[in-house]
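Chemist: What follows is a predicted structure for the sequence shown.
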Amino acid sequence: MPWMHRSFWIGPLLIAALLGLFALIISRTGLREIYRRQFGETRRERLFLASVGFFTAVLVVRGITIAIHNNVGPFHNVSMHGRHIHHLVWGILLLLLVGYTWLLEIGTGSAQSWRWAGRLTAMLYGVAAALTLDEFALWLNLSDVYWQREGRESYEALALFGGLLAVGVFGKPFFAGILREAGRPFRSRIPR
């Protein structure tokens, strides 16, 4: 069973730790009030959190696959009965799980749904999309071209740029709020 091997848990735990650290920093610092002001609408907040989950997962998965490819660290491919299990399988399963929870109207961002569930499912959706799209070339070509030119260059650029763009677009009010708050001490020193 693949989940019995420690390599199976490194990626998910690293992604969860980074996203948990992000949530902890936001909730325990002065960024909390900026976050509340900028993300009063749950739809905008969920888009932002999905982007953060997506970008975080792309960075972690790319780092782990590069380490596996170069035999660095404790990382290994996950296999079951001699068959390599690609991470897009876990992405698809996670997309199905998130979609099912949304069908049950859990974490949808509606007034009847728990806000924390909406935040969690949005981040999980971003992570699942990254896991799936990171191996887009594999399911497009029906061949394992992950380390070949047609596989690596196209989806790597798409995943990193798409994640960064989404964080910038959906997080713009939040980052603008941070810049306003950072500049506040300097504005109070300017003589009038």
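Modeler: In hand now; what should we look at? Numbers count the residues shown, from 1 in each chain.
Chemist: send the alpha carbons of stretch 124-141 over as CSV?
Modeler: Output of stretch 124-141 as CSV, limited to C-alpha atoms (Å, rounded to 0.1, in the frame of the first residue of the first chain):
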residue,chain,number,x,y,z
LEU,A,124,-7.8,22.0,-1.3
TYR,A,125,-9.2,22.8,-4.7
GLY,A,126,-6.1,24.8,-5.6
VAL,A,127,-3.9,22.0,-4.4
ALA,A,128,-5.8,19.4,-6.4
ALA,A,129,-5.7,21.5,-9.5
ALA,A,130,-2.0,21.9,-9.2
LEU,A,131,-1.4,18.2,-8.7
THR,A,132,-3.5,17.4,-11.7
LEU,A,133,-2.2,20.2,-14.0
ASP,A,134,1.4,19.5,-13.1
GLU,A,135,1.1,16.3,-15.1
PHE,A,136,-1.1,17.8,-17.9
ALA,A,137,1.4,16.6,-20.6
LEU,A,138,1.0,13.1,-19.3
TRP,A,139,-2.8,13.0,-19.8
LEU,A,140,-2.6,15.1,-23.0
ASN,A,141,-0.1,12.8,-24.7
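Chemist: Now the terminal residues of stretch 75-92, how far apart.
Modeler: The straight-line separation of the ends of stretch 75-92 (Cα to Cα, to the nearest Å) is 22 Å.
Chemist: Going forward, count from 18.
Modeler: Renumbered: residue one is now 18, and that last one reads stretch 92-109.
Chemist: what residue ranges in the protein score low on pLDDT?
Modeler: By pLDDT under 70, the weakly predicted segments of the chain are 18-24, 58, 157-159, 167, 169-172, 174-176, 178, 182, 185-186, 205-209.
Chemist: where do the helices sit along the chain?
Modeler: Listed from the start of the chain, the chain has helices (DSSP state H) covering 23-45, 48-55, 59-86, 104-120, 132-150, 153-158, 166-206.
Chemist: out of those, deepest packed?
Modeler: The highest mean neighbour count among the helices of the chain belongs to helix 132-150 (a mean of 22), with neighbours defined as mean count of other Cβ atoms under 10 Å. For every residue, glycine as well, the C-beta is placed using N, CA and C.
Chemist: would you turn the helices of the chain into a markdown table with distance to residue 97?
Modeler: Formatted as a markdown table, the entries for the helices of the chain read as follows, by distance: least, Cβ to Cβ, whole Å:
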| stretch | distance to residue 97 |
| --- | --- |
| helix 23-45 | 10 |
| helix 48-55 | 41 |
| helix 59-86 | 16 |
| helix 104-120 | 10 |
| helix 132-150 | 17 |
| helix 153-158 | 17 |
| helix 166-206 | 23 |
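Chemist: Mind checking those for the one nearest to residue 93?
Modeler: helix 23-45 (4.4 Å; Cβ to Cβ).
Chemist: send the alpha carbons of the closest one over as CSV?
Modeler: What follows is the C-alpha trace of helix 23-45 in CSV, where atoms were taken according to Å, rounded to 0.1, in the frame of the first residue of the first chain:
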residue,chain,number,x,y,z
ARG,A,23,6.8,7.7,4.3
SER,A,24,7.5,9.1,0.8
PHE,A,25,3.7,9.2,0.3
TRP,A,26,3.2,11.6,3.2
ILE,A,27,6.1,14.1,2.6
GLY,A,28,4.3,16.1,-0.1
PRO,A,29,0.9,16.4,1.6
LEU,A,30,2.5,17.2,4.9
LEU,A,31,4.8,19.9,3.4
ILE,A,32,1.9,21.5,1.5
ALA,A,33,-0.3,21.4,4.7
ALA,A,34,2.5,22.9,6.8
LEU,A,35,3.0,25.8,4.4
LEU,A,36,-0.7,26.5,4.1
GLY,A,37,-1.1,26.2,7.8
LEU,A,38,1.8,28.6,8.4
PHE,A,39,0.2,31.1,5.9
ALA,A,40,-3.1,30.9,7.9
LEU,A,41,-1.3,31.2,11.2
ILE,A,42,0.6,34.3,10.1
ILE,A,43,-2.5,35.9,8.8
SER,A,44,-4.6,35.1,11.9
ARG,A,45,-2.1,36.0,14.5
